[in-house]
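# Okay, sequence plus prediction incoming.
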Amino acid sequence: MFAQTAPAQAPAAEKVNAGSPPAAADLLFEQPQMKNTTPGTTLTYAYLRRSGIAKGPFGPTLNDTIKLKLEPGKGADDRTIRVEMFSGQNRFPAGPFEDMPGNPVMTLFLEHHLMALAKVLEANPRYLKNAIRKGLRDGATVTPTKVTYQGREVDGWRIQTKPFEGDKLADRMRGMANMTYTFVTSPAVPGELVSIEAQSKNAEGGELLEERLSYDQKAG
């Protein structure tokens, strides 16, 4: 649904703070993000989903992990990736991904988020997916940022978009048309993904949905 391909030119993620920022979609989905990872290691991401909507349509708070076990791929920058998406009764089938240059956890997060959101809104998931893709392509802001990694500050990018704002079907989104997606990446961090957050609040500041993923530096 959110495809990743190998880049046709030098990765824009390495040009942090140099000239114009890269396009959001290229930065997230077109870079060889796994090139700075080591086969035989595991990338661990902490995951949280919670909601304050009455009757809990998103289900109970989910606090778990997604683990990517890395193996060599055919190319020097590629990895074959075994996925453990959540644990125990929360386990969700995913992967494996063979010879991947990009980090599949971005797609895993967005597809899982989209599946739950479409169910709660009784919406067409393809419509929501296209809105998010369009938001990243045409309506995202990309700004340089600093990320703390291994006790030091490194350069990164912050990408933010509100893809449903002003949508013709916004009144059907149960107040979540203000859903904000924020991504933080850095070429200095293994797999380049630092965090993803999808968040919506009501007019009183109540939490309609908070869903986030963050790289666990201590776990690997």
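That came through fine.
# Do a quick rundown of the helices in the chain.
The residue ranges that make up the helices of the chain, judged by DSSP state H, are 24-29, 105-121, 125-138.
# got those as CSV, with mean pLDDT columns?
Conversion of those to CSV gives the following (pLDDT from 0 to 100):
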stretch, mean pLDDT
helix 24-29, 90
helix 105-121, 93
helix 125-138, 92
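# Save these as a markdown table, and put in distance to Thr161 too.
(Each C-beta comes from the backbone N, C-alpha and C, glycine too.) A markdown table is the format used below for the helices of the chain (distance: least, CB to CB, whole Å):
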| stretch | distance to Thr161 |
| --- | --- |
| helix 24-29 | 7 |
| helix 105-121 | 12 |
| helix 125-138 | 4 |
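# residue nearest the centroid of the protein?
Met106 (3.7 Å; CA atoms, centre = their mean).
# Was I right to think that one contacts Glu192?
No: in terms of CB atoms under 8 Å, Met106 does not count as a neighbour of Glu192; the distance is 9.3 Å.
# and the residue found closest to Thr148 once you drop the neighbours it is linked to in the chain, how far is that from Gly175?
Closest residue to Thr148 in three dimensions, ignoring its sequence neighbours and counting by CB to CB, 6 or more residues apart in numbering: Val154, at 7.8 Å. When CB to CB, to the nearest Å is applied, the distance between Val154 and Gly175 equals 37 Å.
# which residues of the protein score low on pLDDT?
Counting by pLDDT under 70, the ranges of the chain that qualify are 1-19, 220.
# can you map out the strands along the protein?
Secondary structure of the chain by DSSP state E: the strands cover 42-50, 62-72, 79-85, 97-100, 141-149, 152-161, 180-185, 193-201, 207-215.
# Can you check which of the ones you listed gets nearest to Asp26?
The minimum distance between Asp26 and the strands of the chain falls on strand 141-149, with 9.7 Å, by CB to CB.
# could you say what helices and strands the closest one packs with?
Contact here means 3 or more CB pairs under 8 Å, 6 or more residues apart in numbering; DSSP states H and E; on that basis strand 141-149 packs against strand 152-161.
# Give me the angle between the strand it packs on and strand 141-149.
Direction vectors for strand 152-161 and strand 141-149, defined by axes from the mean of the first three to the mean of the last three CA atoms, to 10 degrees, enclose an angle of 150 degrees.
# about what we covered before: rebuild the strands of the chain as CSV, extending it with mean neighbour count and distance to Ala118.
Rendered in CSV, the data for the strands of the chain read as follows (neighbours: other CB atoms under 10 Å; distance: least, CB to CB, whole Å):
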stretch, mean neighbour count, distance to Ala118
strand 42-50, 19, 15
strand 62-72, 18, 17
strand 79-85, 21, 18
strand 97-100, 18, 23
strand 141-149, 15, 25
strand 152-161, 18, 18
strand 180-185, 21, 15
strand 193-201, 20, 13
strand 207-215, 20, 13
